[in-house]
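1. next comes the sequence, and after it the predicted model I'd like to discuss.
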Number of protein chains: 2
Amino acid sequence: MTAVAERLRELVDLYDAPELPPLAGELCRSLDLPADLPAELSIARVAELTGVSAHTLRYYERVGLVAVARSEGGHRVYDRDALGRVIFITRLRCSDMPIQAIRRYVELVNLGEATAEERLALMQDHRATIIRRLQELQAALAVIDYKIVTYGGRCGS
Amino acid sequence: MTAVAERLRELVDLYDAPELPPLAGELCRSLDLPADLPAELSIARVAELTGVSAHTLRYYERVGLVAVARSEGGHRVYDRDALGRVIFITRLRCSDMPIQAIRRYVELVNLGEATAEERLALMQDHRATIIRRLQELQAALAVIDYKIVTYGGRCGS
DNA sequence: GGTTGCCTTCGAGCGCGCTCGAAGTCCTAC
DNA sequence: GTAGGACTTCGAGCGCGCTCGAAGGCAACC
């Protein structure tokens, strides 16, 4: 286990997260994508691999979440990097990060190392949002369990 | 501490929920609303008490989430029960329960005791949804913390 | 070369949950 | 009785994140 993977493990334990889904590995270390994966992928293949529809992939490109090269014929060509970004985007989306914020983050990355601080701040803000959301959900869960325990109580109760 | 409150406590502990917000008490026992609260409230007062805008309160009524009486002049009059329902609705909404599902739940309550089983099933379904969402968020949190720890890594990583 | 099917762009549409504005009514204070 | 503000209904609009369809181009196989 690498030092990085170890740190990740610790974080996973820290937050008592369930097993990360299969793609999480790729997510965290995009350079470790399966070696047998072609270096260039069609939009259909990316859709299949990521579970994101081709329509949505085009949309993500349109709104500036990911840049994608074109073949001579004008078709999209996703390289490993682009695939990694798509996977990363799906992760952020899954945590309800708004498209706008992701766009901003990507923009900062493209602007280079000088923006590292702002990037960090962006992520920390979002982290705080997730924590709040987790707390809200846990409170709501308690209420709903109360509802289930008292079973069939009236609406207002 | 009543037996019911005890069960609720247990559930709260079970899910490691933070302290329930101030309104949770009312939520769980609508009949315990502050005694000095007028029996009848205007929409403005309900908006103020619940933090839900008057526009939204009208919307909730329109889509069938809560029935509200009218004064002679045609103005809305919220009684304790209606207020309790509004608070309950906000809780469910806060857990992302769709309006449609809440509407269905309210409908079942209005249909009487015979629907208790279906109501329970509805809540249990929603409970499962919340649990899944909590797990997703925790996984996303782990990824974001990884991002924060490795600080300024590239997009795809 | 033809057929088949995935690909392109572009713009419109949708589902959700509000949010707002217009036009008019009611209530209260003076 | 009149001014002012809060209330009513109704229908339209909005922000988000897709989702879809039309019209046409490219690619691969027969």
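-> Good, I have the coordinates. Numbering: from 1, shown residues only, chains lettered A, B, ... in the order given.

2. and chain A, which residues reach DNA strand C?
-> A:42-45, A:54, A:58, A:74-76 (CB under 7 Å from any atom of the strand). The C-beta positions use only the backbone N, C-alpha and C, and glycine is treated the same way.

3. among those, which lie within strands?
-> If you go by DSSP state E, the residues of chain A next to DNA strand C have residue A:76 in strands.

4. just the buried residues of the residues of chain A next to DNA strand C.
-> A:43, A:76 (16 or more other CB atoms under 10 Å in any protein chain shown).

5. can you tell me which two in the residues of chain A next to DNA strand C are farthest apart?
-> Farthest pair in those (CB to CB) is A:45 and A:74. Separation: 17.1 Å.

6. so who does the nearest residue in space to residue A:97 that is not next to it in sequence touch?
-> Distances taken as CB to CB, 6 or more residues apart in numbering or on different chains place residue A:126 nearest to residue A:97, at 5.4 Å, with adjacent residues excluded. Neighbouring residues of residue A:126 by CB atoms under 8 Å, 6 or more residues apart in numbering or on different chains: A:92, A:95, A:97, A:101, B:144.

7. mind checking the pLDDT average for the strand or helix carrying residue A:90?
-> Assigned by DSSP states H and E, residue A:90 falls within helix A:80-94. Helix A:80-94 shows a mean pLDDT of 95.

8. show me the contacts for residue A:61.
-> If you count contacts by CB under 8 Å, 6+ apart, then residue A:61 has A:67-68, A:76 around it.

9. which bits of chain A sit near DNA strand D?
-> Counting by CB under 7 Å from any atom of the strand, the residues of chain A close to DNA strand D are A:53, A:55-56, A:58-59, A:71-75, A:93, A:98-100.

10. out of these, which are buried?
-> Using 16+ other CB under 10 Å, the buried members of the residues of chain A next to DNA strand D are A:56, A:93.

11. how about the residues of chain A next to DNA strand D, which pair is most distant?
-> Counting by CB to CB, the most remote pair of those is A:72 and A:98, 35.7 Å apart.

12. can you pull out the strands in chain A?
-> Under DSSP E, chain A gives strands at A:69-70, A:76-77.

13. parallel or antiparallel, list what pairs with the first one.
-> Spelled out, it's strand A:69-70. strand A:76-77 (antiparallel) (DSSP bridges).

14. okay, the residue lying closest to residue A:147 once chain neighbours are set aside: pLDDT?
-> Of all residues not flanking residue A:147 in the chain, residue B:123 sits nearest, at 5.4 Å (CB to CB, 6+ apart). For residue B:123, the pLDDT comes out at 95.

15. how long is stretch A:38-48 from one end to the other?
-> 14 Å (CA to CA, to the nearest Å).

16. centre of the chain versus that stretch, how much separation?
-> 18 Å (CA atoms, centre = their mean, to the nearest Å).

17. does chain B have contacts with it?
-> No - using CB under 8 Å from any CB of the partner chain, stretch A:38-48 stays clear of chain B, with a minimum separation of 12.9 Å.

18. what mean pLDDT does that stretch have?
-> Mean predicted lDDT for stretch A:38-48 stands at 94.

19. the longest helix in chain A is where?
-> What stands out as the longest helix in chain A, according to DSSP state H, is helix A:116-150.

20. which of the strands of chain A sits most buried?
-> Among the strands of chain A, ranked by average contacts under mean count of other CB atoms under 10 Å in any protein chain shown, first place goes to strand A:76-77 (a mean of 18).

21. go ahead and flag the most central residue of chain A.
-> residue A:91 (1.3 Å; CA atoms, centre = their mean).

22. could you find the closest non-adjacent residue to that one?
-> Per CB to CB, 6+ apart, closest to residue A:91 is residue B:143, 5.2 Å.

23. cool, and residue A:134?
-> residue B:137 (5.5 Å).

24. contact partners for the one you found?
-> A:95, A:130, A:133-134, A:137.

25. one more: residue A:45?
-> By CB under 8 Å, 6+ apart, the residues touching residue A:45 are A:38, A:78.
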